[in-house]
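# Here is my input, please return the structure:
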Amino acid sequence: MSGQSDEELLRDFIAEADSYLDHAEQNVLSLERNASDREAIHSLFRAFHTIEGVAGCIELNEIHSLANRTEDLLRGLRDHAAPVTPDAALVLRDAVDQMRHLVGDLEIHLGQPRPSPAQPSATSLGLLPISEAFARMWRVVAATAQQTGKQVELVVDTDGEVVLKRRDAAALGHALMHMVRNSVVHGIEPAAERKTAGKAEVGQIRLSARRERNGVHVRIADDGRGLDAAKILKNARSAGLVGGEAMSDAEAFRLIFHPGLSTAESVTPFSGRGVGMDVVKRTIEQLGGRIDIESVSGKDTCFTIRLP
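Numbers count the residues shown, from 1 in each chain. The predicted structure is shown next:
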């Protein structure tokens, strides 16, 4: 494909796919709550069927392949009256997340749209309010809390004047999606554990953004169990990432950005695979930024992303 008309076609596809995926996330959440929700299955099938058809026509092969595999799974679920199993719901959740990443990567690849003299708004100039990068985090928190059986609330606090380049907002959104999910899975404790520790049973994740003199600061904070510097250092030494030298807590915290390092006791659908935070760090560095970590064991953790 080539030419402006092809770019417009891709942008139309991105907008349509985003809309379908917004609904798909809600439908997966419905299935996680009610495994017999037939309308949710039918709606998911229609979404992936449409994405598959359009992606095939415009030769987006990776997106087409994922949509095709997911459509096959949904066809089987649609044609059988049995309730959707937790494993099947997890596969569907992963499929929606993977598709979201692929569509986001396509948007990043296209870059910002050309400005429109007739509409000199932030959007027409290739800028987006940072609140748009935050918008999907409500669903990420709700879905991950549902899957892990935890009680979590998300508090969002943004300066309405903070805007980012469209491609930067898409990349930041992917990084935030992983970090917010990590906060639910690794940071926030189960309600019973929180109650024993004298905390409110409902954990809180706070996502905020401010424009400072030196750029944009984005913070992801949770009131969970905090980072265990000693455990991180022990696992890093076992993995051969560091030697026996002494480290401050701040230095130990930064080891979580090493590829392959995990402090999970076992592999689950959410953790223990040793991937993720290294990708987040690389994404933020590609945006010209950095991540700082503050944490008090047993109390809280705060990641601060500093963008130019």
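# Helix or strand with the lowest mean pLDDT in this protein?
strand 127-129 (a mean of 75; mean pLDDT, DSSP states H and E).
# That one pairs with which strands?
strand 163-165 (antiparallel) (DSSP bridges).
# Average pLDDT for the partner strand, rounded please.
Averaging pLDDT along strand 163-165 yields 82.
# what comes up buried for whatever helix or strand comes next after it?
Per DSSP states H and E, the first helix or strand lying C-terminal to strand 163-165 is helix 166-182. For helix 166-182, the neighbour count (16 or more other Cβ atoms under 10 Å) marks 166-182 as buried. Just so you know, the C-beta spots here come from the backbone N, C-alpha and C atoms, and that holds for glycine as well.
# Equivalent analysis for stretch 220-233, please.
In stretch 220-233, the ones that count as buried by 16+ other Cβ under 10 Å are I220, A221, D222, D223, G224, R225, G226, L227, D228, A229, I232, L233.
# Can you name the element that comes right after the least confident helix or strand of the chain?
helix 130-134.
# Identify each buried residue in that following helix, please.
Neighbour-count burial for helix 130-134 [16+ other Cβ under 10 Å]: I130, A133, F134.
# what pLDDT does the first one get?
What that stands for is I130. 82.
# what's the answer for G260, then?
66.
# Pairing partners for I305 in the sheet, please.
Those that pair with I305 in a beta bridge, by DSSP bridges, are V218, I291.
# The residue nearest to V155 when sequence neighbours are not counted in helix, strand or coil?
Distances taken as Cβ to Cβ, 6 or more residues apart in numbering place R206 nearest to V155, at 4.7 Å, with adjacent residues excluded. Three-state call for R206 (DSSP: H, G, I helix; E, B strand; the rest coil): strand.
# Next: the one 3 residues further on.
Put simply, A209 is strand when judged by three-state DSSP.
# hang on, the earlier thing: which one of the buried residues of helix 130-134 sits closest to Q286?
Proximity of these to Q286 (Cβ to Cβ) peaks at A133, which lies at 15.3 Å.
# contacting residues around the residue lying closest to the closest one once chain neighbours are set aside?
Spatially, and ignoring its direct neighbours in sequence, A133 is nearest to G173 (4.2 Å; Cβ to Cβ, 6+ apart). Contacts for G173 (Cβ atoms under 8 Å, 6 or more residues apart in numbering) come out as G104, E132, A133, R136.
# Turn these into TSV, columns for distance to C302.
Shown next, in TSV, are the contacts of G173 (distance: Cβ to Cβ, whole Å):
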residue	distance to C302
G104	25
E132	23
A133	18
R136	21
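# Need the max-distance pair from the residues you listed.
Checking those with Cβ to Cβ, the most distant pair is G104 and E132, at 12.2 Å.
# Hmm, E201 and E153 touching each other?
No - with contact defined as Cβ atoms under 8 Å, E153 does not count as touching E201 (10.9 Å).
# and the gap between the residue nearest to V155 and T158?
11 Å (Cβ to Cβ, to the nearest Å).
# now swap in G203 and tell me
G203 is 21 Å from T158, by Cβ to Cβ.
# which of those two has more neighbours?
G203 (25 against 16; other Cβ atoms under 10 Å).
# Please name the spatially closest residue to the more buried one (chain neighbours excluded).
Using Cβ to Cβ, 6+ apart, the closest residue to G203 is I188 (3.5 Å).
# Need phi/psi at the one you found.
phi -70, psi 130 (degrees, to the nearest 10).
# Distance of it relative to I256?
17 Å.
# Pick out whichever of these two has more residues nearby.
In this view I188 and I256 are compared by other Cβ under 10 Å, and I188 has more residues nearby, 27 against 21.
# Any regions of the stretch 151-300 of the chain where pLDDT drops low?
The model of the stretch 151-300 of the chain has pLDDT under 70 over residues 159-160, 260, 262-276.
# Quick check: nearest residue in space to F13, chain neighbours excluded?
F13's closest residue in space is V54 (Cβ to Cβ, 6+ apart), at 5.7 Å.
# And the buried residues of helix 130-134, which is closest to V280?
A133 (13.8 Å).
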